[in-house]
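Peer 1: sequence-free structure coming up:
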């Protein structure tokens, strides 16, 4: 191809019913996911602060005055993150399952829209971490025949995750193909 030639314009499929919907997925994650993301941030804060406080205690606050500044900075940054980012994640994270595909939209700095055709689904897993169990949440992981990796839907109500896994299992069993 001539390097100076213009690229061919994108064309639509012959059958518009075969193209994926160009809209965000329909469902939001559970509102409780905001609390889950906040608690995860606070756990990160604890993990970061414990060694800093221990160092300040070992070396003494007057000698390790710079540690006091790092403790304050760490608390401010992670605290601001815990307050500001989870509500943004809730507004952005969406998912939807149709007879044709699993759709997800996630991320806040870099948004990722994933579309996994049902015919490519290999496994459907649910996970309930300790914080998720305490809050009644779960995550669903849809493994596909894709080099990009699985499609994850985190922050669902546990009952919704169970129903989604059941529905996906039934849909994939009814879909012809070998998921490769």
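Peer 2: Arrived safely. None of these values were measured; they are calculated from a predicted model.
Peer 1: Quick one: mean pLDDT over stretch 26-43.
Peer 2: Stretch 26-43 comes out with an average pLDDT of 95.
Peer 1: Centre of the chain to it, how far?
Peer 2: Relative to its chain's centre, stretch 26-43 lies at 10 Å (C-alpha atoms, centre = their mean, to the nearest Å).
Peer 1: Ok, stretch 140-157 next?
Peer 2: On C-alpha atoms, centre = their mean, the centre of stretch 140-157 falls 9 Å from the chain's centre.
Peer 1: Now that stretch: buried residues?
Peer 2: 140-144, 150-157 (16 or more other C-beta atoms under 10 Å). Every residue, glycine included, has its C-beta placed from N, CA and C.
Peer 1: Residue 173 - how many residues pack around it?
Peer 2: Using other C-beta atoms under 10 Å, residue 173 has 8 neighbouring residues.
Peer 1: From residue 127, how far off is it?
Peer 2: Applying C-beta to C-beta, to the nearest Å, the value for residue 173 to residue 127 is 22 Å.
Peer 1: For stretch 23-36, list every residue counted as buried.
Peer 2: 25, 27-30, 32-36.
Peer 1: Quick check: the farthest pair among the residues you listed?
Peer 2: Greatest spacing in the buried residues of stretch 23-36, by C-beta to C-beta: 25 and 35 (22.1 Å).
Peer 1: From what I see, residue 26 and residue 94 are in contact.
Peer 2: Yes: if you go by C-beta atoms under 8 Å, residue 26 and residue 94 touch, sitting 7.1 Å apart.
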